[in-house]
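Asker: can you look at this prediction? I've put the sequence above it.
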Amino acid sequence: MLRKRIIGICIGLSGVVMLGVAGYINKQLVQGRQQVTSAQKKVSQGKTLFGLNPITGEIGDKAIINPAEKKIRAGKEEIARYETIANRLQIGGIVMIVAGIIIFLLPPHHPKK
């Protein structure tokens, strides 16, 4: 009986930890999205400035704009990957908490004599 309750508590606490990690990842994702948005605005401004002259436009695209857009795409892909991880941790955490509660509250098993 006591062992079952301890297992239920451990499983439930594991779920709480998973939810905590998912929350931390989500906070980091907010910051990452803000950085990507800021970078996109700067790239748009750069395109406007370099686009005033066809020669500077071509040089700007090759030297600055294209590498920046490549980094922005990589950042978006990384954000998407971590969003998936955070979502799975949230779902798993909830499942673990519910399972822990159920195990904790189940009546003791008494084998027939």
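Answerer: Looks like it arrived, so ask away.
Asker: Ala99: which element?
Answerer: For Ala99, the element it lies in under DSSP states H and E is helix 66-105.
Asker: what's the longest helix in this protein?
Answerer: The longest helix of the chain (DSSP state H) is helix 2-50.
Asker: got the end-to-end distance for stretch 44-64?
Answerer: 11 Å (Cα to Cα, to the nearest Å).
Asker: may I see the buried residues of it?
Answerer: Lys47, Phe50, Gly60, Asp61, Ile64 (16 or more other Cβ atoms under 10 Å). The C-beta positions use only the backbone N, C-alpha and C, and glycine is treated the same way.
Asker: same thing with stretch 95-106?
Answerer: Buried, per 16+ other Cβ under 10 Å, within stretch 95-106: Met96, Ile97, Ala99, Gly100, Ile103, Phe104.
Asker: kindly report the same for stretch 2-11.
Answerer: Applying 16+ other Cβ under 10 Å to stretch 2-11 flags Gly8, Ile11 as buried.
Asker: pull the residues that contact that stretch.
Answerer: Contact partners of stretch 2-11, identified using Cβ atoms under 8 Å, 6 or more residues apart in numbering, comprise Met96, Ala99, Gly100, Ile101, Ile102, Ile103, Phe104, Leu105, Leu106, Pro108.
Asker: same thing but 10 Å
Answerer: 95-109 (Cβ atoms under 10 Å, 6 or more residues apart in numbering).
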